[in-house]
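Student: got a predicted structure plus its sequence, pasted below:
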Amino acid sequence: MFKRNFAAAVLSALAVVGIVGSGAGSAPAEARPMDVGASYATISGIGSTWSANAIQQWARNVLSNYQWKVNYSDAGSSAGRQAFALPNGGADFAVSEIPYALKNSDSVDPVPARQFAYMPIVAGGTSFMYNLVIGGKRVTNLRLGGATVSKIFAGAITKWNDPAIAADNPSLALPAITIVPVVRSDGSGTSAQLTAWMRSQFPDVYAGLCQKAHKPGVGGSSLCGITSNFPALPGFKAQSGSNGVAGYVAQPQYVGSITYVEYSYALNSHFPVAKILNTAGYYTEPTAGNVAVALLKAQINQDQSSTDYLTQILGAVYTNPDPRTYPLSSYSYMLVPTALEYGFTLNKGKTLAAFANYFLCQGQQDADVLGYSALPINLVQAGLDQVLKIPGGDPTTVNIAKCNNPTFSSDGSNKLATTAPQPQACDKQGKTQCATGTGGAANISTSGSNGGSSGSTGSSGSSSGNPSDGGTVGSSGSGASVSGGSSDTRPLTVAGKPMTIPTSSVTATPGLIAAAVAVLLVLGAIFVPPIMSRLRPRDRPRNVSPTRPRRRATKSAIPKVHLQSVRRERAPTPSSTEGS
């Protein structure tokens, strides 16, 4: 074992020496197909917050099950691409929702000299998480048309009772309060995805955003480019990272706020997301099935000679006519090295290839639970082809026949897309509106507050509001009760990271009072008997003095030898004389 590890270490060292000593302009060392890492080295990645919940869960899984250590920093897609391009950036891989040198982008983002490949990792939907209260009850069934939500983030619609929002929500008596759009303050692939959709589908609205942000046109167009840095217009709030924007909206004092964030964050925050109107005329949310259906229309760059191989073109996804489609569906990429350079070694390659093989197959089983959608078989196959390009990986472990992915079926179709349910009739654009909740508030219904029919089916009739983080128990069939102004604090979990924020006061109800009484009784049963036993004197017979502990004799007080000499000097008793 020692000789084999020593030989592998020598080979790795020689490879690094060859890279460094060959000069800056020379080609990096190439790994032969049989060059497999001798051990699993720790690897580090950086990038997307959109994908972070999935990646970090997968990293925990492989550490627990296989002892592979994968560190990931969710600093944002822009930071990930930049760090991956630096010779000494320390990033063994990066994750981003957009590729380098994105067409019609407003920023310079050149393709790095480093040799790499794009590999799809997980699909999902960019959702619109919001905090809206009507009559003290949290709204959980908001619907928004594409043009409407675009105008909100372009600063053209500023009040929640705007006629456009009212038209989308016939059963809600919307309040005349200010809308507070919450955008990313850092470079974000989620911002790029949103602006790409707005620019493609609603160019007139996007032109207004460009004008307000004083951004020039690009690509021979009057429209400003797709941007990873969303303009923070007056009245907007800017927060860093997906945790930042989701955490802001989740605070009860920020009623009226809305943000764009991956669906996973809304689920973890226990907050609803807006259903978005699709081309078929139905309002949908980014469930795993709806995203899978939408991405059936994604165009994938299949040119293996292209630097953008496996990148996505989403125009047909935006307009997919299937009623189940969620328009803002996409997937994210991992940027993986294909050469031994920039500090990447065979041992790191062994870990990265094994990790990628894991999340393309077994890891996709977790996608739905985490708030994402599993990749279809064509993207998994293409991803496994990229795994084989990672130097140091073990090619014998890559086998799609053993890939346990929930979308796979015997006929090669996408099982998830095939089994995705059709939308309810009340989700169709018109005079009715489903009362059922969405996202992280799916179990909390919102009753019609505008005199119209809720039009909902199933559980929307009389379900009672359930308590969730940031909300209190609501009345039957009318959603979650919310009150503000309390300085009380309770922990709220957003995206798996605990944070403590002010929450609303909890209204006293018979159930809560009964629970409090029960807690007090249990505490009394536990603590009162020991206390009483200490206060009560111990039982003992009367007129009997308690036995005091006998003090241990010491040599200085009563020498043992002195006692013996005294006994020898006693005079003999008469009885003893007679018997002698």
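Tutor: Happy to help now that I have it. Residues are numbered from 1 along each chain as shown.

Student: strands along the stretch 351-500 of the chain, start to end?
Tutor: 480-481, 489-494, 497-502 (DSSP state E, counting those that start in this stretch).

Student: surely residue 81 and residue 102 touch.
Tutor: No. Judged on CB atoms under 8 Å, residue 81 makes no contact with residue 102 at a distance of 10.1 Å. For the C-beta atoms, the positions are set from N, CA and C on the backbone; glycine is no exception.

Student: more crowded one of the two?
Tutor: Between residue 81 and residue 102, counted using other CB atoms under 10 Å, the more crowded position is residue 81 (28 against 20).

Student: list of residues touching the helix or strand hosting the more buried one?
Tutor: Taking DSSP states H and E as the definition, one finds residue 81 inside helix 77-85. Helix 77-85 is contacted from outside by 45-50, 75, 89-91, 93-98, 100, 109, 112-114, 116, 186-190, 192, 228-229, 335, using CB atoms under 8 Å, 6 or more residues apart in numbering.

Student: pull the distance from it to the chain's centre.
Tutor: Averaging C-alpha positions (CA atoms, centre = their mean, to the nearest Å) puts helix 77-85 20 Å from its chain's average.

Student: got it, and stretch 187-199?
Tutor: Worked out by CA atoms, centre = their mean, stretch 187-199 lies 19 Å from the chain centre.

Student: cool, stretch 399-418 as well?
Tutor: On the basis of CA atoms, centre = their mean, stretch 399-418 is displaced by 25 Å from the centre of the chain it belongs to.

Student: using CSV, write out every CA atom in it.
Tutor: This file holds the C-alpha atoms of stretch 399-418, laid out as CSV (Å, rounded to 0.1, in the frame of the first residue of the first chain):
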residue,chain,number,x,y,z
ASN,A,399,-22.7,3.4,-16.3
ILE,A,400,-26.1,4.9,-17.1
ALA,A,401,-27.7,1.4,-16.9
LYS,A,402,-27.0,1.6,-13.2
CYS,A,403,-28.2,5.2,-12.9
ASN,A,404,-31.1,5.4,-10.4
ASN,A,405,-32.8,8.6,-11.7
PRO,A,406,-36.5,9.2,-11.0
THR,A,407,-37.2,10.5,-14.6
PHE,A,408,-36.0,7.3,-16.3
SER,A,409,-38.5,4.9,-17.9
SER,A,410,-38.1,1.8,-20.0
ASP,A,411,-39.1,3.5,-23.2
GLY,A,412,-36.7,6.5,-22.7
SER,A,413,-39.4,9.1,-22.0
ASN,A,414,-39.3,11.5,-19.1
LYS,A,415,-41.4,9.7,-16.4
LEU,A,416,-41.7,12.8,-14.3
ALA,A,417,-43.1,14.8,-17.2
THR,A,418,-45.5,12.0,-18.2
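
Student: how close does the closest residue to residue 176 other than its chain neighbours get to residue 339?
Tutor: Sequence neighbours aside, residue 161 is the residue nearest to residue 176 in space, at 4.6 Å (criterion: CB to CB, 6 or more residues apart in numbering). Distance of residue 161 to residue 339, computed by CB to CB, to the nearest Å: 58 Å.

Student: between the two, which is the more surrounded one?
Tutor: Neighbours per residue (other CB under 10 Å) separate residue 161 from residue 339, with residue 339 holding more: 19 against 13.

Student: where does that one land on pLDDT?
Tutor: Predicted confidence (pLDDT) for residue 339: 95.

Student: quick check: the gap between it and residue 99.
Tutor: With CB to CB as the criterion, residue 339 and residue 99 are 19 Å apart.

Student: and what of residue 255?
Tutor: If you go by CB to CB, the gap between residue 255 and residue 99 works out to 38 Å.

Student: ok, now residue 154?
Tutor: For residue 154, the distance to residue 99 equals 25 Å [CB to CB].

Student: could you do residue 240 as well?
Tutor: For residue 240, the distance to residue 99 - CB to CB - is 23 Å.

Student: the two: who's more crowded?
Tutor: residue 99 (22 against 14).

Student: for the more buried one, which non-adjacent residue is spatially closest?
Tutor: Computed as CB to CB, 6+ apart, the closest residue to residue 99 that is not its neighbour in sequence is residue 311, at 4.8 Å.

Student: same check, this time on residue 331
Tutor: Closest residue to residue 331 apart from its sequence neighbours, by CB to CB, 6+ apart: residue 123 at 4.1 Å.

Student: same thing with residue 227?
Tutor: Using CB to CB, 6+ apart, the nearest residue to residue 227 is residue 106, at 4.8 Å.

Student: next, the one you found: phi, psi?
Tutor: phi -90, psi 0 (degrees, to the nearest 10).

Student: what's the answer for residue 274, then?
Tutor: Per-residue torsions, residue 274: phi -70, psi 140 (degrees, to the nearest 10).

Student: wait, it sits on residue 126?
Tutor: No. Between residue 274 and residue 126 there is no contact under CB under 8 Å: 11.4 Å.

Student: between those two, who's got more neighbours?
Tutor: More neighbours surround residue 274 than the other of residue 274 and residue 126, with 28 against 24 (other CB under 10 Å).

Student: so who does the more buried one touch?
Tutor: Residue 274 touches 127-128, 130, 142-144, 149, 258, 285, 438, counting by CB under 8 Å, 6+ apart.

Student: check the nearest residue to residue 363 once chain neighbours are set aside and give its pLDDT.
Tutor: Using CB to CB, 6+ apart and skipping residues adjacent in sequence, the residue nearest residue 363 is residue 58, 4.7 Å away. Listed pLDDT for residue 58 reads 98.

Student: mind checking which helix or strand residue 58 is in?
Tutor: helix 52-66.

Student: next, the buried residues of the next helix or strand after that helix.
Tutor: Counting by DSSP H and E, the element after helix 52-66 in chain order, helix or strand, is strand 70-73. Buried residues in strand 70-73, counting neighbours by 16 or more other CB atoms under 10 Å, are found at 70, 72-73.

Student: ok, and what's touching stretch 234-242?
Tutor: By CB under 8 Å, 6+ apart, stretch 234-242 touches 49-50, 52, 74-76, 155, 158, 178, 180-186, 190, 230, 232, 245, 247-248, 257, 259, 261-262, 265, 495.

Student: so which of those residues sit within strands?
Tutor: 180-184, 257, 259, 261-262 (DSSP state E).

Student: any weak-confidence spans in the stretch 451-580 of the chain?
Tutor: Scanning the stretch 451-580 of the chain with the threshold set as pLDDT under 70 gives 451-519, 522, 527-528, 530-580.

Student: now swap in the chain and tell me
Tutor: In the chain, residues with pLDDT under 70: 1-34, 448-519, 522, 527-528, 530-580.

Student: quick one, longest strand in it?
Tutor: strand 116-130.

Student: show the subsequent helix or strand relative to it.
Tutor: strand 133-134.

Student: just checking: what are the partner strands of the helix or strand just after that next one?
Tutor: Next along the chain after strand 133-134, taking DSSP H and E as the criterion, comes strand 137-138. Strands that pair with strand 137-138, judged by DSSP bridges, come out as strand 133-134 (antiparallel), strand 480-481 (antiparallel).

Student: what's the nearest residue to residue 420 if we skip its chain neighbours?
Tutor: residue 289 (2.8 Å).

Student: thought that neighbour was touching residue 416?
Tutor: Yes. Applying CB under 8 Å, one finds residue 289 in contact with residue 416, separated by 5.9 Å.

Student: more neighbours: which of those two?
Tutor: Higher neighbour count among residue 289 and residue 416: residue 416, with 28 against 21, using other CB under 10 Å.

Student: ok, the residue nearest to that one when sequence neighbours are not counted - contacts?
Tutor: Residue nearest to residue 416 in three dimensions, not counting chain neighbours: residue 292, with 4.2 Å by CB to CB, 6+ apart. Shown in contact with residue 292 (CB under 8 Å, 6+ apart): 123, 373-374, 376, 407, 414, 416-417, 420.
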